[in-house]
Each structure stands twice: as structure tokens, then as C-alpha cells.
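Trainee: structure for this input, please:
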Amino acid sequence: MNKLVTYDPFAELSALQRQFFGDDALSALKGVNIPTTDVYTKDNELIVEAHLPNFNQEDVDIQVHEGSLVVQAERHEKEEDKNKKYGIGLAAPQVGHSLAISVLNVHATPNHPDVHEDLKMVIINPRIVETFGRRTPKWEGCISGGAGNNILYGQTMRYKKLRLAWDDEKAIHHEQEFDGLAAHVMQHEIDHLMGILFVDRVHDSKTFMMADEYRKMMRTKNASKEARS
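Mentor: Okay, the predicted model is just below:
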């Protein structure tokens, strides 16, 4: 049985660099991430712009050492970052990667307290093989459109049940039926992989509302359910 070998698109380039310049030319760069940098002059000054996404100003240290400009950045995790809630699904394009990968963490939330499943999974190259029944209105929002009370919500049309085919993080292929919130989230995340946002699925623009209004509506709805039970 042949072993799978991870494809390295830069292996040939690295081989050429070693052939022409030797190993010493690359050793200094091992373990170093080089940011995208622009250097230009303005009003007789040399301007250096280093692009460091996801770093705050206090994370960056700039020094001049032996005639060289040294820029170091280390992200310090804050206590609020550790406790931050990142929703129940995230697609690679949402964090700047053009990959057909989504991470799901479907569980009970304040807005969906009646969810009894705890589903954590990675879906790679997911494909909806089959849908069941008709689409029905479902409320949803997205962290791509804001955070906290600035998240926009609206009603989309989604299937209650579907059959999904996907590969997991170990390259194992799966095909399985899902329903409820899991099926809902999967449709939302697969849309992201296709370049579609939930606002493109909203059937009635009058249903748009901000997060605080939506949460208030869901609290009232859930309280009504508890009272009836």
C-alpha cells in the first residue's frame, strides 16, 4: 500500500535555492515569518510599511540593530480572547484562506437551548448529496457581518434535513444524514465556501434585525415554549 505524502508546492523552489546559493542562504530564515513589506521615500524620508494582520500595536517591537531594521511581533492572548465565543461554525474564507474547509461546533446556545447534540467536526470539500422536504424559514446571522450587538440577522430559506458528503481532517471520506441545527449550519457554511453570504438567501428584507433585537425575540420565544411545557 502506497503511503500518502504531503504535497509541498515550494519544495522545487527550495531545491533550486539550495542548488544555487547553498544551505547557508536559507538557514537564517528558518522559523521566521517575513511579513509583506513596502519601502518607499517621501519628503526625503525612507518609509517602511510592514503588514502585520491580527497584531495590535503593543504586540510589535521595532528596533535598529547593527544597521538593520528589526521588526518583531508576538501576539499576547488576552483574557477576553480566551473566553470569546466564536459561534457554531467558521469557514476558511472567513479568515482569509481560499480553501473548501469549515469547522463546526454545534451545541445548545442561549438562542437554541433545545439543541441536544454536541457536534464538533471539520468538513473538507463538503457537498450536499441530497435534501429532504421543502425549504422553510430559518433565522440566522453571521460574524462576517459584525460582532456582538452589531451582528445582522435575517430569515433565510433552508432545508430541515440533508445528506452530506465530506472528507475529515484525516482525509477520511464520509457520507451521512443530518437534520435540525446541524443541517442548518452546514448549509450556511457551505454557502461561505461558494462565496455566498446569508444575506443573499434572505427571502424578505423586512426580517433584517440587529443582534440585540434578535436575542430579545428569541428570549421571548423560548420563555413562551417553557410556559407551555
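
Trainee: what comes up buried for the longest strand along the chain?
Mentor: Assignment by DSSP state E gives strand 119-132 as the longest strand of the chain. Residues of strand 119-132 classed as buried by neighbour count (16 or more other CB atoms under 10 Å): 119, 121, 123-124, 126, 128. Where C-beta positions appear, they are placed from N, C-alpha and C, glycine not excepted.

Trainee: show residues contacting that strand.
Mentor: The contact list for strand 119-132 (CB atoms under 8 Å, 6 or more residues apart in numbering) reads 100-107, 159-169, 171, 175, 182, 186-187, 189-190, 193.

Trainee: now the buried residues of strand 119-132 as CSV including distance to residue 142 and pLDDT?
Mentor: Shown next, in CSV, are these (distance: CB to CB, whole Å; pLDDT from 0 to 100):
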residue, distance to residue 142, pLDDT
119, 19, 92
121, 19, 94
123, 17, 95
124, 21, 95
126, 17, 97
128, 19, 97
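
Trainee: export these to a markdown table and tack on distance to residue 58?
Mentor: What follows is these, written out as a markdown table (distance: CB to CB, whole Å):
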| residue | distance to residue 58 |
| --- | --- |
| 119 | 37 |
| 121 | 36 |
| 123 | 36 |
| 124 | 36 |
| 126 | 39 |
| 128 | 44 |
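
Trainee: from the residues you listed, which is closest to residue 48?
Mentor: Of all the buried residues of strand 119-132, residue 124 has the smallest distance to residue 48: 38.7 Å, by CB to CB.

Trainee: in the sheet, who's paired with that closest one?
Mentor: residue 101, residue 167 (DSSP bridges).

Trainee: going forward, count from 57.
Mentor: Sounds good: first residue 57 from here, last item residue 180.

Trainee: that one and residue 143: what is the separation?
Mentor: Counting by CB to CB, to the nearest Å, the gap from residue 180 to residue 143 is 19 Å.

Trainee: once you drop chain neighbours, what's closest to residue 273?
Mentor: residue 265 (7.6 Å; CB to CB, 6 or more residues apart in numbering).

Trainee: ok, back up a step: dump the longest strand of the chain to CSV, restricted to CA.
Mentor: The C-alpha coordinates for strand 175-188 follow below in CSV (Å, rounded to 0.1, in the frame of the first residue of the first chain):
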residue,chain,number,x,y,z
LEU,A,175,-21.3,18.1,17.2
LYS,A,176,-17.6,19.0,16.6
MET,A,177,-16.3,18.3,13.2
VAL,A,178,-14.1,19.5,10.3
ILE,A,179,-15.6,19.2,6.8
ILE,A,180,-13.3,19.4,3.8
ASN,A,181,-14.7,19.7,0.3
PRO,A,182,-18.3,19.3,1.6
ARG,A,183,-21.1,18.5,-0.8
ILE,A,184,-24.8,18.3,-0.2
VAL,A,185,-25.8,15.0,-1.9
GLU,A,186,-29.5,15.1,-1.1
THR,A,187,-32.1,17.3,0.6
PHE,A,188,-35.4,16.3,2.1
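
Trainee: give the next helix or strand downstream of that strand.
Mentor: As assigned by DSSP states H and E, the chain's next helix or strand after strand 175-188 is strand 192-197.

Trainee: can you list the neighbours in contact with that following strand?
Mentor: The contact list for strand 192-197 (CB under 8 Å, 6+ apart) reads 207-216, 240, 244, 254, 259, 263, 267, 270, 274.

Trainee: again, only using 6 Å
Mentor: 207, 209, 211-212, 214, 240, 244, 254 (CB atoms under 6 Å, 6 or more residues apart in numbering).
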